[in-house]
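**Q** The following comprises the amino acid sequence and a computationally predicted model.
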Amino acid sequence: MKYLQKLGKSLMLPVAVLPVAAILSGIGYWILNTAGENFVQAFFTAAGGALLDNLPLLFALGVAIGMASKPDGTAALAGLVSWLVVTRLLSPETVATLQGIPVEDVNIGFGRIENAFVGIICGLIGAYCYDKFKDVQLPAALSFFSGKRSVAIVTTGASLVVALVLYFVWPVLFGGLVSFGEWMVGLGPVGAGLYGFFNRLLIPLGLHHALNAVFWFDVAGINDLGNFLNGTGTAGVTGQYMTGYFPIMMFGLPGAALAMYLTAKTNRRKVTAGILLSGAFASFFVGVTEPLEFAFMFLAPALYVVHAIFTGISMFIMALLPVRMGFGFSGGFIDLMLGWVNPLAQNPWAIFLAGAIWFVIYFVSFYFIIKRFDLKTPGREDEEVEVDETSTGSSKFLNQASAILKGLGGKDNVLELDNCATRLRMEIADVSKVDDAAIRRAGAAGIMKPGGKSVQVIYGLEVQFVKDAMEDLIAGRVEAPSAPVAVADATVAAPSQGGVATKTVLTVRQPVAGRVVPLSEVPDATFSQGIMGSGVAVEPTGDTVWAPADGTVAHIFPTSHAVALKLRDGTELLVHVGVDTVEMKGEGFETLVAVGDEVVEGAPLLRFDLDAIRAAGHPAVTPVIVLGGGDVELRLRQD
């Protein structure tokens, strides 16, 4: 159930833009039917259609972002990739080519493959592939495609499999529902009621189009929609498969929206009112129900079944009574007014009477059911925040991030946040609010203020976890812990507890070809002042970083400009190629190993383009640091 609730929440992102799109389309549709085609009509119709016509694509993007372990553009890209692959492979044109037949002979189901269900499936594929492969490390020869670069590639492969399954399954389901609809035709008002029930029930799967094709168009000879608009149907019959939607869309769902608003938690009503009010207006005015239906479809699926039952009952009653109305767009106020004078319209005033009754039924039923069963409709979702371990690492990082953020003057004082291999890099609104001592107590090895609004907090190799936790705190995805932060010890800059062997001199192989210089010559105070630890530096002449001793690869920064090695005795060495080379975003760097690899002295760790570093305006001098080394003297030998 929590999975469905999370899915429901993720749909709110794209659904939130639909009400205004529905209103724009409705205005354009009204102008078209009253004044004909013109510039204003075309403008409004195109503006609204840009979103309504691409709702499934919006779902693919929104679900990918919402269902991923953390909001990331890479996840959205993966959702988009999946959507493009699946819909292109299953488009009528592609299917016609695969089957060697004319496009017009392709199964009708493939013409409806771009639907909300497929959009949601593609979003889930994108989110899953992001979570599973965003940190993957590939062999050296394929290292460029490691991490987030691999997500879209894997997503493509997964989407091929899903498309292949749908290629066989989708037309069977679609065709089966068409046959089911044709069977219901002979049931009269009961058939209309069953159609309304299954129409709503199938919307999450996108298969409601199969039933619509039977009852609204000329698949089974009914053509209810076309005959009503053209005035060519049978009075008292034509419109029976549309009339029952008007009371539900114009009045029933707005009643449900009011119930969901009043049952929302008091502190969340203001936010909830936005989506519910705009959704209710779109449903009443235009007959676009997705903003409301998707607002509780996955959050409270049982309640959605109740809605489907009510729709079926409304369709049955209106078909049984001498009330007939049709639409060209949907069952909203605009279509009701436009169809009022249609020669096939019958007792349209009764729709308002039925609507008032359905408003009360929906409001009372939804209010009672929500309260009685504590359903998680909008504004009632569980408030506990699921802290992603891959994002915050552990409560340690969340605690430290919270304390560092407080020492920086609060989240509102942080304008920009980034990190390099060992430090947080920030732009601060008011530097005078920064409390250096508080930040050090939180576990930072040091703090630098290069000038202007720039502030850097030196932490260590696990800085990424602290940065991710800070982002979650700033965005409000997690709450600041109430527990006090433990005072860090002097070796907090080192990411492991292995410590440094008790020796005053550590001699290792020189990891980069070039001239050895004192650490004090590095034009960066973090290194030159020994904040990160003791060490030396190399003015490189080569293009490869070699393992200075036997050990394990402890960390590789995503942009490949720095690598840390844990030696057999627990000592941790950091080789940081150049100064500020994180700004190159990996351009000119290539990782040759993966985290966790056992390496021997002299093994190649990473390769870099010296000319590219200098062309980018960065010093190429390469610090070699004993992390948390204290008074350890590092010496490099040349072999």
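**A** Great, that's in hand.

**Q** Low-confidence stretches in the protein?
**A** Applying pLDDT under 70 to the chain picks out residues 1-2, 5, 137-147, 218-220, 382-395, 421, 461, 482-504, 628-631.

**Q** Centre of the chain to the longest strand seen in it, how far?
**A** Secondary structure of the chain per DSSP state E: the longest strand is strand 533-540. Distance of strand 533-540 from the chain centroid (Cα atoms, centre = their mean, to the nearest Å) equals 42 Å.

**Q** Return the list of helices and strands in contact with that strand.
**A** For strand 533-540, the elements it packs on are strand 514-518, strand 622-627, strand 633-637, judged by 3 or more Cβ pairs under 8 Å, 6 or more residues apart in numbering; DSSP states H and E. For every residue, glycine as well, the C-beta is placed using N, CA and C.

**Q** Just checking: what are the partner strands of the second one?
**A** Based on DSSP bridges, the strands next to strand 622-627 in the sheet, each with its direction, are strand 533-540 (antiparallel), strand 572-576 (antiparallel).

**Q** Centre-most residue in this protein?
**A** Among the residues of the chain, Ile65 comes closest to the average C-alpha position under Cα atoms, centre = their mean, at 0.5 Å.

**Q** so that residue is in which element?
**A** Element membership of Ile65 [criterion: DSSP states H and E] is helix 55-67.

**Q** Partner strands of the following helix or strand past the longest strand of the chain and their direction?
**A** Using DSSP H and E, the helix or strand that follows strand 533-540 in sequence is strand 544-546. Partner strands and pairing direction for strand 544-546 (DSSP bridges) are strand 604-608 (antiparallel).

**Q** Just the CA atoms of the partner strand, as PDB, please.
**A** Output of strand 604-608 as PDB, limited to C-alpha atoms (Å, rounded to 0.1, in the frame of the first residue of the first chain):
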ATOM      1  CA  PRO A 604      47.200   2.400 -13.000                       C
ATOM      2  CA  LEU A 605      44.300   4.200 -11.100                       C
ATOM      3  CA  LEU A 606      43.200   7.000 -13.400                       C
ATOM      4  CA  ARG A 607      44.300   8.800 -16.500                       C
ATOM      5  CA  PHE A 608      44.100  12.600 -17.100                       C
END
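
**Q** Tell me which stretches of the stretch 351-500 of the chain form helices.
**A** 389-392, 395-407, 436-441, 463-475 (DSSP state H, counting those that start in this stretch).

**Q** can you list contacts of the helix holding Ile65?
**A** Helix 55-67 is contacted by residues 6-7, 9-15, 17-18, 51, 71-72, 75-76, 78-80, 82-83, 114-116, 118-120, 122-124, 126-128, 130, 206, 290 when judged by Cβ atoms under 8 Å, 6 or more residues apart in numbering.

**Q** make it 6 Å
**A** 10, 13-14, 71, 75-76, 78-79, 83, 114-116, 119-120, 122-123, 126-127 (Cβ atoms under 6 Å, 6 or more residues apart in numbering).

**Q** Inside helices: which ones of the residues you listed?
**A** Among those, DSSP state H puts 10, 13-14, 75-76, 78-79, 83, 116, 119-120, 122-123, 126-127 in helices.

**Q** Of those residues, which is the nearest to Phe465?
**A** In terms of Cβ to Cβ, no member of these lies closer to Phe465 than Ala75, at 19.2 Å.

**Q** Now do the same contact list for that closest one.
**A** 64-65, 68, 126-127, 130 are the contacts of Ala75 under Cβ under 6 Å, 6+ apart.

**Q** These into a markdown table, with extra columns for distance to Asp335?
**A** Formatted as a markdown table, the contacts of Ala75 follow (distance: Cβ to Cβ, whole Å):
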| residue | distance to Asp335 |
| --- | --- |
| Ala64 | 34 |
| Ile65 | 34 |
| Ala68 | 39 |
| Gly126 | 36 |
| Ala127 | 37 |
| Tyr130 | 41 |
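
**Q** Which one of those residues is nearest to Ala192?
**A** Within the contacts of Ala75, the smallest distance to Ala192 is 37.9 Å, found for Ala64 (Cβ to Cβ).

**Q** how close does the closest residue to that closest one other than its chain neighbours sit to Asp72?
**A** Spatial nearest neighbour of Ala64, excluding adjacent residues (Cβ to Cβ, 6 or more residues apart in numbering): Gly79 at 2.8 Å. Per Cβ to Cβ, to the nearest Å, Gly79 is found 11 Å from Asp72.

**Q** Same question for Val106.
**A** 37 Å.

**Q** same question, Ala22
**A** Remark: distance between Ala22 and Asp72 (Cβ to Cβ) = 30 Å.

**Q** Trp340 too?
**A** For Trp340, the distance to Asp72 equals 50 Å [Cβ to Cβ].

**Q** of these two, who's got more company?
**A** It is Asp72, of Trp340 and Asp72, that has more neighbours when counted by other Cβ atoms under 10 Å, with 18 against 12.

**Q** For that one, what are phi and psi?
**A** Main-chain torsions, Asp72, degrees, to the nearest 10: phi -150, psi 140.

**Q** tell me the contacts of it?
**A** Listed by Cβ under 6 Å, 6+ apart, the contact set of Asp72 is empty.

**Q** And Glu633, by the same measure?
**A** So Glu633 contacts Val505 (Cβ under 6 Å, 6+ apart).

**Q** Test of understanding: give the bridge partners of it.
**A** So, taking DSSP bridges as the rule, Glu633 has Val505 as bridge partners.

**Q** same check, this time on the one 4 residues further on
**A** Arg637 has the following beta-bridge partners by DSSP bridges: Arg509.

**Q** tally of neighbours for it?
**A** Residue crowding around Arg637 was assessed by other Cβ under 10 Å; the count is 9.

**Q** For it, give its distance to Gly62.
**A** Distance, Arg637 to Gly62, using Cβ to Cβ: 57 Å.

**Q** Give me the phi and psi angles of the closest residue to Gly49 other than its chain neighbours.
**A** Excluding the flanking residues, the one nearest Gly49 by Cβ to Cβ, 6+ apart is Ser25, at 5.9 Å. Per-residue torsions, Ser25: phi -60, psi -40 (degrees, to the nearest 10).

**Q** mind listing what Ser25 touches?
**A** Ser25 makes contact with 48-49, 52, according to Cβ under 6 Å, 6+ apart.

**Q** and what of Leu320?
**A** Contacts of Leu320 (Cβ under 6 Å, 6+ apart): Pro189.

**Q** can you check the one 3 residues further on too?
**A** Contact partners of Val323, counting by Cβ under 6 Å, 6+ apart, are 243, 347, 350.

**Q** swap in Cys122?
**A** Residues near Cys122 by Cβ under 6 Å, 6+ apart: 60, 79, 82-83, 86.

**Q** gap between the closest residue to Val190 other than its chain neighbours and Leu177?
**A** Distances taken as Cβ to Cβ, 6+ apart put Phe316 closest to Val190, at 6.5 Å, once the chain neighbours are dropped. Plainly put, Phe316 is 19 Å away from Leu177 if you go by Cβ to Cβ.

**Q** Cys420 too?
**A** 56 Å.
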